[in-house]
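A.B. asks: Below are the sequence and a predicted model; questions follow.
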Amino acid sequence: MEIEWLLAYLLLGAFVGFFAGLLGVGGGGIMVPVLTTLFAAQGFPREHLVHVALGTSMAAIVMTSISSLRAHHAHGAVRWDIVRGITPGVLLGTFGGTFIASRVDSVPLAIFFGCFMAYVSLQMILNVKPKPTRELPGQAGMVGVGGGIGLVSALVAIGGGSLSVPFMTWCNVKMQHAIGTSAAIGLPIALAGALGYLINGWGSSGLPDWSIGYVYLPALVLVSAVSTFTAPLGARLAHRLPVATLKKVFAGVLILLSAKMLHTVFGS
């Protein structure tokens, strides 16, 4: 691998890990558009651009989520009762979502990603917070919510934080606990998503060398190696920095990256 690609993946890992710990997100909102652009520049086949970016992002989120959830757990910010209740639905929804995504062409998949990221960014910029008007649902309700979060997460390769955090705060879960719990929920999402994209891409023709299914190993290893170290830093700073302001900056970055991704896909 040429040195510029190696450095690009390492820098991406550092950026993703920091925001994963800081905001309780998996980092897919950053990884997918950046990886799509990098893969296109490396000459990957157009029909696999978004799928490989999604699969690689999901696999990278595994290590980021482990590091982030450990840091939040150390601060006592993870509601493990919520994690246990929502995980069955999350696993089913995420794994099933990869089968849907693998059968959709890169262009509509990129459009869906861009629209969803615009929605997430608008929420961050406006600092939209649902009023805590109710309690958490029962087990059946938690499984249903988990399934929906997992399905959308698989289609856009996110750790689910943009959906699970608003849901938990709406159900009267303290914001710090919602962020920490979201980091923990990101792990089963990432595991199910990575496995699903690996299976669905297995045997596909035209995939780049060093790929297993829709997971590109060089990017996975380099991004994960750095993000593991920067996620705890972000988690520690989450209790000290003006997170609301940082979310607005982060939202602006997401919009720009998503626009660049759409330009790359359509330009291909």
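C.D. replies: Arrived safely, thanks for sending. Numbers count the residues shown, from 1 in each chain.
A.B. asks: where do the strands sit along the stretch 151-268 of the chain?
C.D. replies: 211-212, 215-216 (DSSP state E, counting those that start in this stretch).
A.B. asks: Please identify the most buried of those strands.
C.D. replies: strand 215-216 (a mean of 26; mean count of other Cβ atoms under 10 Å). Placement of C-beta: from N, CA and C, glycine included.
A.B. asks: what's that strand packed up against?
C.D. replies: Judged by 3 or more Cβ pairs under 8 Å, 6 or more residues apart in numbering; DSSP states H and E, the packing partners of strand 215-216 are helix 49-74, helix 175-201.
A.B. asks: elements contacting the last one?
C.D. replies: Packed against helix 175-201, as judged by 3+ Cβ pairs under 8 Å, 6+ apart, are the following elements: helix 3-23, helix 49-74, helix 80-102, helix 139-156, helix 161-170, strand 211-212, strand 215-216.
A.B. asks: TSV please, covering those and showing mean pLDDT.
C.D. replies: Below are these laid out as TSV (pLDDT from 0 to 100):
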stretch	mean pLDDT
helix 3-23	85
helix 49-74	86
helix 80-102	94
helix 139-156	92
helix 161-170	83
strand 211-212	94
strand 215-216	96
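A.B. asks: Tyr119 is nearest to which of these?
C.D. replies: helix 161-170 (8.4 Å; Cβ to Cβ).
A.B. asks: which parts of the closest one are buried?
C.D. replies: Neighbour-count burial for helix 161-170, counted by 16 or more other Cβ atoms under 10 Å, picks out Gly161, Ser162, Leu163, Ser164, Val165, Pro166, Phe167, Met168, Thr169, Trp170.
A.B. asks: which stretches of the stretch 101-250 of the chain have low pLDDT?
C.D. replies: 128-131, 133, 238-239, 243 (pLDDT under 70).
A.B. asks: 90 - rerun?
C.D. replies: Within the stretch 101-250 of the chain, the stretches with pLDDT under 90 are 102-138, 153, 155-180, 182-184, 186, 203-206, 208-209, 224-250.
A.B. asks: For the closest residue to Val62 other than its chain neighbours, give me its contacts.
C.D. replies: Once flanking residues are discounted, Val62 sits nearest to Ala190: 4.3 Å by Cβ to Cβ, 6 or more residues apart in numbering. Each residue near Ala190 by Cβ atoms under 8 Å, 6 or more residues apart in numbering is listed here: Gly26, Met58, Ala59, Ile61, Val62, Thr64, Ser65, Gly159.
A.B. asks: Pick the one among those residues closest to Leu220.
C.D. replies: Ala59 (5.0 Å).
A.B. asks: show me what contacts the nearest residue to that closest one once chain neighbours are set aside?
C.D. replies: Sequence neighbours aside, Ala194 is the residue nearest to Ala59 in space, at 4.0 Å (criterion: Cβ to Cβ, 6+ apart). Going by Cβ under 8 Å, 6+ apart, Ala194 touches Gly55, Met58, Ala59, Ile61, Val62, Val215.
A.B. asks: The fourth one and Val32 touch, don't they?
C.D. replies: What that stands for is Ile61. No - using Cβ atoms under 8 Å as the test, Ile61 is too far from Val32 to be in contact (10.6 Å).
A.B. asks: Tell me which of these two has more neighbours.
C.D. replies: Neighbours were counted for Ile61 and for Val32 using other Cβ atoms under 10 Å; Ile61 has more, 33 against 27.
A.B. asks: coming back round to it: starting from Pro208, give me the distance back to the residue nearest to Val62.
C.D. replies: As judged by Cβ to Cβ, to the nearest Å, Ala190 and Pro208 stand 22 Å apart.
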